[in-house]
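Student: kindly generate the corresponding structure for this input.
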Amino acid sequence: MSAGLDRLAGVSRRVRIASVNVNGIRAATRKGMLEWLDAADIDVMALQEVRATEEELRTALPGWEIVNDEALAKGRAGVAVASRMPSVDVRRVLGPEPLDSAGRWIEADFDIDGERLIVVSAYVHTGEAETPRQDAKWAFLDAMEARLPQLAAASPLALVMGDLNVGHRELDIRNWKGNVKKAGFLPRERAYFDRFFGEAGTEVTGVDGSVGTGLGWVDVGRRFHGDVDGPYTWWSMRGRAFDNDSGWRIDYHLATPALGERVADYRVVRAPSWDTRWSDHAPVVAEYTLGR
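Tutor: Here you go, the predicted structure:
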């Protein structure tokens, strides 16, 4: 926990890491995010859909070390990594131009008692089937598939978190039958995740019939909870989706195999009621045992 960050080097401890799409940081802090943070004892936090300038973000989260990447269009997207200790390196480019990754991908490196931890906050395009918006999503997922092995090669302890806007399996969407032809649950989108989580170096046949190479990353939420419905992380603001738990599991912790073995706890922090939510997404929180 945060207090534990002052411990002597050489002592392993649990580091609590969260990911949340805040749906606008200024609105989220007005609605109760700061009160949640006061009680949650988070050490590192990946934020998506920040929709704010760096100055506005720092004002909204006083006392945090912050690195961010703003979208080119004001008031859109935006990702950040907030932490209780400073990062030692930051990268903001996912792939070559003209990839539209501004405000959607940021990497921050941390030294946790001699161990290098790479933390990524990612916000994948929502997409829209058979439109240019979906083309941007395909390009982003292609770049992400190319980047994951590079991250794993850079450090055995790497963590990609965020709103990835894809439900991987039928267990990840309550109404999956009604969404098989819609962005977020298209077979081709899901096939990327088949490869992300497939055994490293093996041939993986995706749900769409495509064949590729497994990357060996760990879906921390699915490994921790097993083959159960959800737990969902996003619910539409329309109708009674939240009350009926008609949601999607689209917010992830993707860990390298070595980091996946360090998971001590994992949970989706679902608000107790519709009117107490400060975002349409729930925070996804895990604890990892780190430090030599």
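
Student: just list the residues touching the residue nearest to I42 when sequence neighbours are not counted, thanks.
Tutor: Once flanking residues are discounted, I42 sits nearest to A18: 4.8 Å by Cβ to Cβ, 6 or more residues apart in numbering. C-beta: built from backbone N, CA, C; applies to glycine. Contact analysis of A18 by Cβ atoms under 8 Å, 6 or more residues apart in numbering lists 40, 42, 44-46, 283-286.

Student: out of those residues, what pair is the most spread apart?
Tutor: A40 and A46 (13.8 Å; Cβ to Cβ).

Student: neighbour count winner among these two?
Tutor: A46 (29 against 16; other Cβ atoms under 10 Å).

Student: phi first, then psi, for the more buried one.
Tutor: Per-residue torsions, A46: phi -100, psi 130 (degrees, to the nearest 10).

Student: residues in contact with it?
Tutor: Contacts of A46 by Cβ under 8 Å, 6+ apart are 17-20, 79-81, 119-122, 161-162.

Student: tell me the buried residues within these.
Tutor: 17-20, 79-81, 119-122, 161-162 (16 or more other Cβ atoms under 10 Å).

Student: just the element for the residue nearest to I42, please.
Tutor: For A18, the host element (DSSP states H and E) is strand 13-21.

Student: gap between that strand and the chain center?
Tutor: Relative to its parent chain, strand 13-21 has a centroid offset of 11 Å by Cα atoms, centre = their mean, to the nearest Å.

Student: only C-alpha atoms, please: export that strand in CSV.
Tutor: Coordinates of the C-alpha atoms in strand 13-21 are reproduced here as CSV (Å, rounded to 0.1, in the frame of the first residue of the first chain):
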residue,chain,number,x,y,z
ARG,A,13,5.3,-6.0,-0.4
ARG,A,14,2.0,-5.7,-2.1
VAL,A,15,1.5,-2.9,-4.5
ARG,A,16,-2.1,-2.0,-5.2
ILE,A,17,-2.7,-1.0,-8.8
ALA,A,18,-6.0,0.2,-10.3
SER,A,19,-7.4,0.9,-13.8
VAL,A,20,-10.5,3.0,-14.4
ASN,A,21,-12.1,4.8,-17.2
